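Asks: Generate coordinates for the sequence data below:
(one chain, ligands or ions: 1)
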Amino acid sequence: MAGSMSEILSFIRDNRQFTVMSHTSPDGDTLGSALGLVHMLRAMGKEAEAVCSDPVPGIYSFLPGADEVKTGGEGIGYPAVIAVDCADKCRFGKVAKFFDRAEITANVDHHGTNDMYASANWMEETAACGELIYRLIKELKVELTKDMAACLFTALMTDTGCFAYSNVTEQTMKIGGALIAAGADNSEINMKVFRTSPYAKSMLQADALSRTKLYCDGKIAVTTVTLEDMARHGALSEHCDGIVEQLRDIDTVEIAIFIREDVTKLKGSFRSKRYADVSRIASVLGGGGHKRAAGYTCVCPMEEAVETAVRLGEEELQRCLKA
Ligand SMILES: [Mn+2]
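Replies: Residues are numbered from 1 along each chain as shown. Down below sits the predicted model:
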């Protein structure tokens with residue numbers, strides 16, 4: 001059961017005031033999808049707000065509407081609440097209260113591990129959740145504005161590694177083209193998201209990468225960042241974005257593991273290169289995601305978290321060998 005687009009179309013048509021929710025530690029897909037959706041709802045004459053548990057990372061501050069995203073549990077909490085790019089309710093963080101007290105809820109997502117937690121659901125395993133928002137805009141015959149296009153192009157670009165990963169389909173590229181045609185500035189967005197790094201971020205990443213450990217003949221790479229590491233470099237948690245991809249890019253690596261310390265818990269990210277299914281590993285740990293990108297949170301000492309993640313990584317490599 002993966003719901004359907006028509007459930008979401010009815011949810012949008014039948015309601016007037018919406019709170020659109022992104023997931024914790026927001027990325028370009030969840031923010032671009034949420035803001036694209038907010039712009040679409042407003043173009044339809046409806047009221048909409050965007051909420052997110054955590055602050056909008058600096059690299060996404062250029063997104064049209066980013067300055068209006070209510071964070072840290074702030075927000076109005078409209079009667080209709082729609083979550084985008086959230087595989088399960090654990091991804092809501094401080095904005096879960098809006099979902100819990102809503103009159104009606106919806107869930108638009110592209111993670112295969114989605115557990116259909118809302119009253120209206122639509123999960124389809126596209127490259128980016130932004131593709132689903134684009135299809136809603138087309139289906140509802142809303143005029144695609146430059147602002148919507150910039151938000152959705154950012155969503156596509158971030159979840160596809162700039163249209164480079166195996167999740168990219170003909171449809172992804174066609175939608176990317178339509179978004180450029182509607183005014184999304186490909187190279188400018190790419191520059192802002194992927195080729196702009198504060199000094200503190202570059203130094204934190206160099207530090208983390210220099211401590212990389214390899215396991216399983218180099219097929220698994222692991223590194224970690226503690227709150228102390230971030231403080232030493234004057235870096236923010238959002239400055240950890242991109243480390244796990246750099247581990248994955250090491251030539252021998254199939255599974256990359258990155259674990260960072262947050263205030264109350266540890267946050268783990270997995271990436272795989274060609275064949276390992278890291279969503280299986282994340283699911284065992286109570287998280288979820290995609291085959292090539294997944295994550296989870298846990299509360300335990302860092303060494304224990306690393307040991308567990310590496311062991312599960314080894315088991316996944318074993319499983320792939322046997323298959
Ligand atoms: Mn996504």
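
Asks: Could you check which helix or strand contains the residue of the chain found nearest the ion?
Replies: Per Cβ to the ion, Asp29 is where the chain lies closest to the ion, at 3.4 Å. Where C-beta positions appear, they are placed from N, C-alpha and C, glycine not excepted. Under the criterion DSSP states H and E, the helix or strand holding Asp29 is helix 28-43.

Asks: centre of the chain versus that helix, how much separation?
Replies: Using Cα atoms, centre = their mean, to the nearest Å, the distance from the centre of helix 28-43 to the centre of the chain it belongs to is 14 Å.

Asks: Please apply the same query to stretch 101-110.
Replies: With Cα atoms, centre = their mean as the basis, the distance from the averaged C-alpha position of stretch 101-110 to the chain average is 17 Å.

Asks: Contacts made by that stretch with the rest, please.
Replies: Stretch 101-110 is touched from outside by 3, 7-8, 11, 15, 19, 33, 37, 77-87, 99, 114, 116-129, 131-133, 136, with contacts defined as Cβ atoms under 8 Å, 6 or more residues apart in numbering.

Asks: Where do the helices of this structure begin and end?
Replies: 5-14, 28-43, 96-100, 129-139, 146-159, 170-181, 186-194, 199-210, 227-233, 243-248, 278-284, 302-322 (DSSP state H).

Asks: Looking at Thr308 now. What's its pLDDT?
Replies: We have a pLDDT of 98 for Thr308.

Asks: Distance check, it against Lys265.
Replies: Thr308 is 14 Å from Lys265, where distance means Cβ to Cβ, to the nearest Å.

Asks: Neighbour count for these two, which is higher?
Replies: Counting neighbours by other Cβ atoms under 10 Å for Thr308 and for Lys265 shows that Thr308 has the greater number, 17 against 13.

Asks: So for that one, what's the nearest residue that isn't a sequence neighbour?
Replies: The spatial neighbour of Thr308 that comes closest, neighbours along the chain excluded (Cβ to Cβ, 6 or more residues apart in numbering), is Leu285 at 7.4 Å.

Asks: My guess is that neighbour contacts Leu266. True?
Replies: No. Here Leu285 does not reach Leu266: they are 10.3 Å apart, not a contact under Cβ atoms under 8 Å.

Asks: Overlap of the contact sets of these two?
Replies: Between them, Leu285 and Leu266 share these contacting residues under Cβ under 8 Å, 6+ apart: Cys298.

Asks: With neighbour numbers in mind, choose between the two.
Replies: Looking at Leu285 and Leu266 with other Cβ under 10 Å, you find the greater number of neighbours at Leu266, namely 21 against 18.

Asks: beta partners for that one?
Replies: With DSSP bridges as the criterion, Leu266 is bridged to Glu261, Cys298.

Asks: does the ion sit close to the worst-scoring helix or strand of the chain on mean pLDDT?
Replies: The helix or strand of the chain with the poorest confidence is strand 288-289; it has a mean of 94 (mean pLDDT, DSSP states H and E). No. If you take Cβ under 5 Å from the ion as the test, strand 288-289 misses the ion, and the best it gets is 8.7 Å.

Asks: who touches that strand?
Replies: 87-88, 111, 113-114, 270, 278-279, 282, 294-296.

Asks: ok, which of the residues you listed also contact the ion?
Replies: Near the ion, by the rule Cβ under 5 Å from the ion, you find none of the contacts of strand 288-289.

Asks: Highest neighbour count among the residues you listed?
Replies: Phe270 (31 neighbours).

Asks: these two touch, right, Lys146 and Gly183?
Replies: Yes. Judged on Cβ under 8 Å, Lys146 makes contact with Gly183 at a distance of 3.4 Å.

Asks: thinking again about what came up before, now the least confident helix or strand of the chain, how far from the chain's geometric center?
Replies: That offset, for strand 288-289, works out to 10 Å (Cα atoms, centre = their mean).

Asks: Just checking: what are the partner strands of it?
Replies: According to DSSP bridges, strand 288-289 forms sheet pairs with strand 293-298 (antiparallel).

Asks: average pLDDT for the strand it pairs with?
Replies: For strand 293-298, the mean pLDDT works out to 97.

Asks: List the contacts of that strand.
Replies: With Cβ under 8 Å, 6+ apart as the criterion, strand 293-298 contacts 90, 113, 262, 265-272, 278-279, 281-283, 285-289, 305.
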